[in-house]
Every structure is written in structure tokens, then in C-alpha cells.
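A.B. asks: sequence unavailable; structure follows:
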């Protein structure tokens, strides 16, 4: 398997937009306030393991329940579309339970914020388009970025400011919206062929 840097870059940007770690800084800060400390290493490792396991076993699990990758990708395109709408319009469509236990690094941070339905769906879609090695490299790059952002979230918030975070969130929301439309268009055609 040869690494293709264009594929790695594209897959990294897609995952980065879906994970939306910069846009989640306010949520990370509120979790940190509630729990005192978030284990950044644990959150990053758990998210990486969930994503890589799903990358390898996701298709088998889907076929076991009678769903093909194209059907899952179309469903995922809808999820990405709604996540993008949340980012662009500043509305909340998905409600998440709040956790005050010591497991904040795992739930809700590692799952479902980092390795949630959007990123898992995206991984299967990326696997259908790109080589497995390139998708794994994109996961690793994103986990490194996630870890850095988790470790420096307070400083990033001060540096970017509230408006900076809002602008970044909206820009990545538009990118994610375009990705959702592309994902839907490509896979809906495959369903009817």
C-alpha cells in the first residue's frame, strides 16, 4: 500500500470538518469546568481506537444486518447535512446527555463528540473512495490535532476569541455541507444502478 499525500490531505480535511474539534472548544471548556480536568490522552486514544475498529469492522457489521456501504453512506450524508446545518445556522438539532462522572474523557468527549455517527459514517465513505492506509493516516493526523486542541483549548479560546471560533465553525460547516451533498449524490446513484 502506497501512501498518497493528496488522499491523506483530503481525508484529513474531511474528518477534521466532521469532528469539528475547534467548534467543540466551548463544549470542551464546559466539560473541563464541570469535571475539573479532562484526560486528553485517554479521550484521543479511545476516539482513535473506536474509529480504527469501525474502519475495519464497520462494513462487516453492516452486512451482518443487511445494509450495504452505499445505503449507510446515504444515511451518513443526511447526518453530515444536519451537523453542517447546526454549524452554519447556530442551531441545535442533536441533543446530547450531559455527564458529570469521571468518564467525561470517554463519554461524551471521545464518543459521540469525536468518534460519533458523523465521523464513523465518513470513515466508511472514505474507505470506499481512498486506500485504507491513507484513511488510517488521516485518522492519526486528526487524533494528533484533537490531542493538541484538547491540551491547549483554554489558550486557543483566548487566542481565537469567541468570534474567531464562530467564524471557523461556520466555514467548516459550509465545507461539511458541500461534502454531505457530494456524498449523497455519489452514493444515491450507486443505489439505483
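C.D. replies: Yep, it's here. Owing to the predicted nature of the structure, the values given are computational and were not obtained by experimental measurement.

A.B. asks: spatially nearest residue to residue 52 (excluding sequence neighbours)?
C.D. replies: On the basis of Cβ to Cβ, 6 or more residues apart in numbering, the spatially nearest residue to residue 52 that is not a chain neighbour turns out to be residue 139, at 6.2 Å. Placement of C-beta: from N, CA and C, glycine included.

A.B. asks: pull out the buried positions in the helix or strand where the one you found lies.
C.D. replies: Residue 139 is part of helix 132-151, with elements assigned from DSSP states H and E. Neighbour counts using 16 or more other Cβ atoms under 10 Å place 134-139, 141-143, 145-147, 149-150 of helix 132-151 among the buried residues.

A.B. asks: let's have those in TSV, adding pLDDT and distance to residue 91.
C.D. replies: As requested, the buried residues of helix 132-151 are arranged in TSV below (pLDDT from 0 to 100; distance: Cβ to Cβ, whole Å):
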residue	pLDDT	distance to residue 91
134	96	34
135	96	31
136	97	34
137	97	34
138	97	29
139	97	29
141	98	30
142	97	25
143	97	29
145	96	26
146	95	24
147	96	29
149	92	23
150	91	25
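
A.B. asks: nearest to residue 72 among those residues?
C.D. replies: Closest to residue 72 out of the buried residues of helix 132-151 is residue 135 (15.4 Å), distances taken as Cβ to Cβ.

A.B. asks: hmm, back to that, give me the distance between the residue nearest to residue 52 and residue 26.
C.D. replies: Using Cβ to Cβ, to the nearest Å, residue 139 is found at 24 Å from residue 26.

A.B. asks: likewise residue 79?
C.D. replies: Distance check for residue 79 against residue 26: by Cβ to Cβ, it reads 21 Å.

A.B. asks: compare these two (neighbour count), which wins?
C.D. replies: Comparing residue 79 with residue 26 by other Cβ atoms under 10 Å, the one with more neighbours is residue 79, at 19 against 14.

A.B. asks: could you tell me which residues make contact with the more buried one?
C.D. replies: Residue 79 makes contact with 117, 118, 121 under the criterion Cβ atoms under 8 Å, 6 or more residues apart in numbering.

A.B. asks: quick check: pLDDT value at the first one.
C.D. replies: Spelled out, that is residue 117. Per-residue confidence (pLDDT) for residue 117: 71.

A.B. asks: quickly find the element holding the closest residue to it other than its chain neighbours.
C.D. replies: Leaving aside its sequence neighbours, residue 117 sits nearest to residue 79 (Cβ to Cβ, 6+ apart; 5.2 Å). Assigned by DSSP H and E, residue 79 falls within helix 69-89.
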